[in-house]
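Student: Here's my sequence, what's the structure:
(4 chains)
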Number of protein chains: 4
Amino acid sequence: MRRRIGILTAGGDCPGLNACIRGVARAAYELFDAEIVGIAGGYGGLIDGQYQEMSKRDFSGILTRGGTILGTSRTPYRDMRVIGTDNVDKVAAMKDNYKWLRLDCLVTLGGNGTHKTANLLSEEGLNVIGLPKTIDNDIWMTDVTFGFQTAVDIATEVIDRLHTTADSHGRVMVVELMGNKAGWLTLEAGIAGGADVVLLPEIPYDINKVIAAVEARGRNKKSFSIIAVAEGAMSQEEASMKKKERVNPNPYKTVAHRIAEQVQEKTGLECRAVVPGHIQRGGSPCPYDRVLSTRLGVRAAELIRDGKYGVTVGIHGDEVVDNPLKEVAGKTKFVPADHQLIRTARNIGIVFGD
Amino acid sequence: MRRRIGILTAGGDCPGLNACIRGVARAAYELFDAEIVGIAGGYGGLIDGQYQEMSKRDFSGILTRGGTILGTSRTPYRDMRVIGTDNVDKVAAMKDNYKWLRLDCLVTLGGNGTHKTANLLSEEGLNVIGLPKTIDNDIWMTDVTFGFQTAVDIATEVIDRLHTTADSHGRVMVVELMGNKAGWLTLEAGIAGGADVVLLPEIPYDINKVIAAVEARGRNKKSFSIIAVAEGAMSQEEASMKKKERVNPNPYKTVAHRIAEQVQEKTGLECRAVVPGHIQRGGSPCPYDRVLSTRLGVRAAELIRDGKYGVTVGIHGDEVVDNPLKEVAGKTKFVPADHQLIRTARNIGIVFGD
Amino acid sequence: MRRRIGILTAGGDCPGLNACIRGVARAAYELFDAEIVGIAGGYGGLIDGQYQEMSKRDFSGILTRGGTILGTSRTPYRDMRVIGTDNVDKVAAMKDNYKWLRLDCLVTLGGNGTHKTANLLSEEGLNVIGLPKTIDNDIWMTDVTFGFQTAVDIATEVIDRLHTTADSHGRVMVVELMGNKAGWLTLEAGIAGGADVVLLPEIPYDINKVIAAVEARGRNKKSFSIIAVAEGAMSQEEASMKKKERVNPNPYKTVAHRIAEQVQEKTGLECRAVVPGHIQRGGSPCPYDRVLSTRLGVRAAELIRDGKYGVTVGIHGDEVVDNPLKEVAGKTKFVPADHQLIRTARNIGIVFGD
Amino acid sequence: MRRRIGILTAGGDCPGLNACIRGVARAAYELFDAEIVGIAGGYGGLIDGQYQEMSKRDFSGILTRGGTILGTSRTPYRDMRVIGTDNVDKVAAMKDNYKWLRLDCLVTLGGNGTHKTANLLSEEGLNVIGLPKTIDNDIWMTDVTFGFQTAVDIATEVIDRLHTTADSHGRVMVVELMGNKAGWLTLEAGIAGGADVVLLPEIPYDINKVIAAVEARGRNKKSFSIIAVAEGAMSQEEASMKKKERVNPNPYKTVAHRIAEQVQEKTGLECRAVVPGHIQRGGSPCPYDRVLSTRLGVRAAELIRDGKYGVTVGIHGDEVVDNPLKEVAGKTKFVPADHQLIRTARNIGIVFGD
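Tutor: Residues are numbered from 1 along each chain as shown, chains lettered A, B, ... in the order given. From the prediction side, this is the model:
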């Protein structure tokens, strides 16, 4: 059996992309007569026809390497829609290039935006398999996405380091973690790092409750506090506004800075904001992510061997599972307000500000 | 509601014990009027009545600390059985001390041996809750145990480091990882570290197939190989012997040394054995284990609040679950030879020597 | 011989403070009959008389712990000067408390500000020994200060992680590292992290040369660049202004943001600024700093044994050295523009923008 | 100016080799018209004429990579001497190939053995520059060698991890670190890791003093101890024997195993030996080593530019220095028994067993 596989990585980069690509490739070479075409720079490369014929050698030594050997991009599906006939052209271009490259299938590694486009292409008749990559862990029907655990590790180390500073100076440290819509990363890193207050996009906060939590710790002779806040967290007032009303007059003053300012003003305690930013998505994948992304990538190759397309691979419990692309695309796995992990966090005294 | 809780850690130490203890304690203080009694040195401490009244302060700052603040021991259940009436005395002693300490329940953190004793005490009428701690990941009815992921992280880092040495010198490195009966740690670290050959207790190996795999790599111009072997791995000859026949004439020459010697002799390649040993179970728990052990510990406190005993807590998928102690005790979760992860590994070319 | 030692940590917290305190204490207990008084919260604690009698036990297990068990503060010497007679009072208060506590000597761990005050107290007749702590490495007459190497390690890991993101997206990443006056941290982390452009407070930059360097890499088919900038770096225009003219209209838009904006505007490349902030000074000291701070701390105890005061301890080559406090105080060790390390960096193609 | 440079790495692999190679290459390309010839597999490659023409691209992305891109070997100088006329042939072969490759100079990265051969070739009239690579830190006339600090970091992490196990179980952990002749690694890692007993090749130990130290800790209610022992450490009896009398009847039972056995027998405490082995020399160089090896490598290129040969580069204090090859070759920098660092260690209570 011979199969010609196109593979692309789209969206923000993320630890585990190369490990996953390697998983697809090594299993494909092992399981059947595979030819692999690397599409450069995400969907943009498929549209423009930028690609590279790959060989076994290209996938050697990349298991531990961060980033993606294929490059990535953020050419969003949304833009395609918006630009009308142009959009039709982009999709048409992808279909044309798929054929022109004589692909038997396309494997896409990406997050929610990537899955939306993957599903569109699948509906247009291409053989597509999705792989759930994102540090946000917000993809539907999988316990976890690859890249997430590495981001939790990095974010937790950040909180660990801030702990000693907070403790030595009796300060309030406000650390802003990635997660615009979904708060999984902040929630898990907050628990792992021993944060006192955790603010998520899904649970709008009342600043007075945050301040009360900080002050309550002072009464217990703990002179410092750690507040972990997702970049997309909002106060209850902001949450009640319409989106266009929520204009930040100073884009460099992010939510962590605003909270630090408010808490300092009310409590008189020294507050500091820290925004570690892109370091949360870079570097070598942690072993958990190496195993996970290898498993998912290998499953993609097995699906190709079996001619099973239109699915995205996920993990549930100890098992890799196949999910229909059309059920995964277009959804976001938010943190449910009553999630067991939220309850766990509340039960050890973490305050969510609600 | 007032509850007096005894808590003990038994068996080998393991990252996440303190995080789990903290989870139990903080949730207990949060959910009800808790008194916590730390039992020193595992079941031995319950037998001898060594204990300490704990307070909130004792559980502060221990989330990230390795080892166990309570001490541990390996006083095995097996010994109790063996020593006849003495055994009865030991169990009786534990029951007496449980009463004498006026405990409402006992929380035990440990592996399979610990669970066996926990179940025995439960059958004797004590209120017992188990928590699954082991770097071996061999406890029944939970996807994963706490301590396991940290051990995988450490073992993977070991393999990563050996990779560069192997590569620079064109050597075969044989690394022996913990796991006497169950091979989970070697399997996951082997995949995460990019090992070429993985030898597990569950899959007896043929040394000729190991040698063939090493030689095949030579033909592909890869002059080095990494062999990850569990301490309990056996050749097919050894596996066919009775246990008492499998006598190692030199206890300092472990399986990794023997394999290195055999491979070197047959291939002529430089082989080196590395046995990292106890470092695999020490140090601060990784973020994954901090979250997991917190979740499990908090669940134990919730169960105490609800008066639900005779269970051990586990995780399945994204959810913490309660399992009957009597179904978990006395079993070992081996790696099934047809496990999806084994298949994954084979599909990327990993050789198991069978 | 009996000696009563006061010990305090002042200024920003820094990895290695506890290791150094432990070095002083363990050697003091070993070498003579020592009593140790911990002064809380830096010089402020000496002024207010906040202290604690310490015992051997207090110094156990702190070798690897970040921050300072004594607390620190930033009560600056400068303020004392400014507030006139009040100043006299503060110094008088410190002298009074020194006597009231019956101290034989005072050991101060801190940076340049701390050394200034230490020297003042020494000139006022107190027995003072200084220890050079700062992540900035800007203390006179020592090759290196403790805390510096740990900060370099953290900052380098930050750059390593940004590398993969920059590479995958073809971006310019601008990372802002600590160092308001002295650029040692940015210089070493820049070299260790493989930065392409390094901007230091000591070498005002021309933004056009920065842009030219980024564009030159584009011509060499390297589509990404890493710019490491010290928080105190300045353009040549800013450097030529008087201090009060250099007003930043938006304190949240720091130098990294401004450079990213300028480079993006001129080159059209995607630029991102990352400001890791306080994580550079937190967490467990690296082994280098543990050894260094132990050596320096032990030397302080040896000096007390020998009755040698008015000195600060440093390291030169492989040897710990004693430097007169009065020669160290009031100076800042800037990076000389012709330093060998600068030349080294230029010789591997690093651009300083001058 | 045009220069054709041969470069080789010899001896055991070591973190920082690639960073140093990169330093030589980037500076050479920057400073003059350089051609670089990579000699494969150490001196063996020079003897056999195995080489590769290198280009700029080959040195990209290797700063952080462990091992050596050139391969290494342990073809020792000693062997050459031994095999008489053959030896002359080997040296002659190296000289011939040097000419045949039209080299202007040869840069050798290695330890003491490498330096001996480098000096021999220099005396034979070749233009040679040495670079001091070894995790043992035993090269003459340099404060420190590259690779050493990374090894200290790894060894310290090992001790840190064993600490928690030792503490939880009340055990004595004996960890055997690399260093056959020189004890620097064990000494620094021992101090950094908080070891209680440190045994070095340079200070023969009395096992009774080791046992006394362990027992003394028991009296102070510290039930655990950490013993760091260099692989080349010897008891006073062994040290007094002739070399050939010191036969180890069981090569798998190394010094750590023997000490653990003896201490356990005498004290009745549980003792465990851990031999981390080759992990101490693998993996990515730490930032300290990246800076150091870059500095040294760049200096080699500067020397080539200046036509200054017959030297090896070292570091003293904050400055890179040039040392005559003939003064460095043939010597080993042992730990002097009265070294300041030894005194420091004794002053915090570390026992050397003498």
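Student: going forward, measure contacts and count neighbours with C-alpha atoms only.
Tutor: OK.
Student: Strands of chain A, start to end?
Tutor: Using DSSP state E, the strands of chain A run over A:2-9, A:33-39, A:51-54, A:105-110, A:128-132, A:172-177, A:197-199, A:225-230, A:271-274, A:311-316, A:319-324.
Student: same for the last one, what does it pack against?
Tutor: Just to be clear, that refers to strand A:319-324. In terms of contacts (3 or more CA pairs under 8 Å, 6 or more residues apart in numbering or on different chains; DSSP states H and E), strand A:319-324 is packed against helix A:287-306, strand A:311-316.
Student: Surely A:Ile203 and A:Ala337 touch.
Tutor: Yes - the pair A:Ile203 / A:Ala337 is scored as a contact, 6.9 Å apart, by CA atoms under 8 Å.
Student: Comparing these two, which residue is more hemmed in?
Tutor: Each of A:Ile203 and A:Ala337 has its neighbours counted (other CA atoms under 10 Å in any protein chain shown); A:Ile203 has more, 20 against 12.
Student: quick revisit: could you point out which of the helices and strands packed on strand A:319-324 sits nearest D:Val210?
Tutor: For those, distance to D:Val210 was read as CA to CA. The smallest value, 39.0 Å, belongs to helix A:287-306.
Student: Go through the closest one and flag the buried ones.
Tutor: Judged by neighbour count (16 or more other CA atoms under 10 Å in any protein chain shown), helix A:287-306 contains these buried residues: A:287-305.
Student: what's the answer for stretch A:102-120, then?
Tutor: Neighbour-count burial for stretch A:102-120, counted by 16+ other CA under 10 Å, picks out A:103-120.
Student: sorry, back to before: which stretch among the helices and strands packed on strand A:319-324 comes nearest C:Glu53?
Tutor: Closest to C:Glu53 of these is helix A:287-306 (CA to CA; 46.0 Å).
Student: hmm, the closest one in reach of chain B?
Tutor: Yes - under the criterion of CA under 8 Å from any CA of the partner chain, helix A:287-306 makes contact with chain B via A:Pro287, A:Tyr288, A:Arg290, A:Val291, A:Thr294, A:Arg295, A:Val298, A:Arg299.
Student: Nearest to A:Met241 among those residues?
Tutor: Distances from A:Met241 to the residues of helix A:287-306 next to chain B, taken as CA to CA, are shortest for A:Tyr288 (39.7 Å).
Student: In contact with the closest one, which residues are there?
Tutor: By CA atoms under 8 Å, 6 or more residues apart in numbering or on different chains, the residues touching A:Tyr288 are A:Gln149, A:Thr150, B:Gln149, B:Asp153, B:Ala192.
Student: and if you look at A:Asp153?
Tutor: Contacts of A:Asp153 by CA under 8 Å, 6+ apart are A:Ala189, A:Cys286, B:Cys286, B:Pro287, B:Tyr288.
Student: What is the nearest of the residues you listed to D:Arg65?
Tutor: When the contacts of A:Asp153 are compared for distance to D:Arg65 (CA to CA), A:Cys286 wins out at 17.2 Å.
Student: Got the phi and psi for that closest one?
Tutor: Per-residue torsions, A:Cys286: phi -70, psi 160 (degrees, to the nearest 10).
Student: and it, how many neighbours?
Tutor: By other CA under 10 Å, 27 other residues sit near A:Cys286.
Student: swap in A:Asp48?
Tutor: Other residues lying near A:Asp48 total 15 when counted by other CA under 10 Å.
Student: can you check the one 4 residues further on too?
Tutor: The burial count assigned to A:Gln52 is 13, neighbours taken as other CA under 10 Å.
Student: can I assume it is in contact with A:Ala40?
Tutor: Yes - at 7.4 Å, A:Gln52 and A:Ala40 qualify as touching, with contact defined as CA under 8 Å.
Student: Nearest to chain B: which residue in the stretch 101-250 of chain A?
Tutor: Residue of the stretch 101-250 of chain A nearest chain B, by CA to the nearest CA: A:Ala192 (5.2 Å).
Student: Could I get the pLDDT score of A:Arg219?
Tutor: Listed pLDDT for A:Arg219 reads 78.
Student: Among the strands of chain A, single out whichever gets nearest to B:Arg272.
Tutor: Between these, strand A:51-54 lies closest to B:Arg272; by CA to CA that is 33.9 Å.
Student: just checking, what packs against that closest one?
Tutor: Contact here means 3+ CA pairs under 8 Å, 6+ apart; on that basis strand A:51-54 packs against strand A:33-39.
Student: what angle sits between the strand it packs on and helix A:287-306?
Tutor: Strand A:33-39 and helix A:287-306 are oriented at 120 degrees to each other (axes from the mean of the first three to the mean of the last three CA atoms, to 10 degrees).
Student: Do strand A:33-39 and chain B come into contact?
Tutor: No - judged by CA under 8 Å from any CA, strand A:33-39 stays clear of chain B, getting no closer than 13.4 Å.
Student: Which residues of chain A lie near chain B?
Tutor: A:23, A:26-27, A:30-31, A:63, A:143, A:149, A:152-153, A:156, A:188-189, A:191-194, A:286-288, A:290-291, A:294-295, A:298-299, A:316-320, A:340-341, A:344, A:347-349.
Student: Count residues in the vicinity of A:Ile7, would you?
Tutor: By other CA under 10 Å, the residues close to A:Ile7 number 25.
Student: Also A:Glu53?
Tutor: 11.
Student: so what's the residue of chain A found nearest chain D up against?
Tutor: Nearest residue of chain A to chain D: A:Arg65, at 10.7 Å (CA to the nearest CA). Contact analysis of A:Arg65 by CA under 8 Å, 6+ apart lists A:Pro15, A:Gly16, A:Asn18, A:Ala19, A:Gly283, A:Ser284, A:Pro285.
Student: repeat that with 7 Å
Tutor: Residues in contact with A:Arg65 (CA atoms under 7 Å, 6 or more residues apart in numbering or on different chains) are A:Asn18, A:Ser284.
Student: What backbone torsions are found at it?
Tutor: As for A:Arg65, its main-chain torsions (degrees, to the nearest 10) stand at phi -80, psi 130.
Student: Can I get the residues of helix A:287-306 next to chain B in CSV including distance to A:Lys266 and pLDDT?
Tutor: Formatted as CSV, these follow (distance: CA to CA, whole Å; pLDDT from 0 to 100):
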residue, distance to A:Lys266, pLDDT
A:Pro287, 43, 98
A:Tyr288, 42, 98
A:Arg290, 45, 98
A:Val291, 47, 98
A:Thr294, 49, 98
A:Arg295, 50, 98
A:Val298, 54, 98
A:Arg299, 54, 98
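Student: What is the least confident helix or strand in chain A?
Tutor: Every helix and strand in chain A was compared by mean pLDDT, DSSP states H and E; the lowest is helix A:77-82, with a mean of 36.
Student: Chain neighbours aside, what residue packs nearest to whatever residue of the stretch 251-354 of chain A ends up closest to chain B?
Tutor: Residue nearest to chain B within the stretch 251-354 of chain A (CA to the nearest CA): A:Gly317, separated by 3.6 Å. Leaving aside its chain neighbours, A:Gly317 sits nearest to B:Gly317 (3.6 Å; criterion: CA to CA, 6 or more residues apart in numbering or on different chains).
Student: which residues does that neighbour contact?
Tutor: A:Asp143, A:His316, A:Gly317.
Student: Sweet, I'm off.
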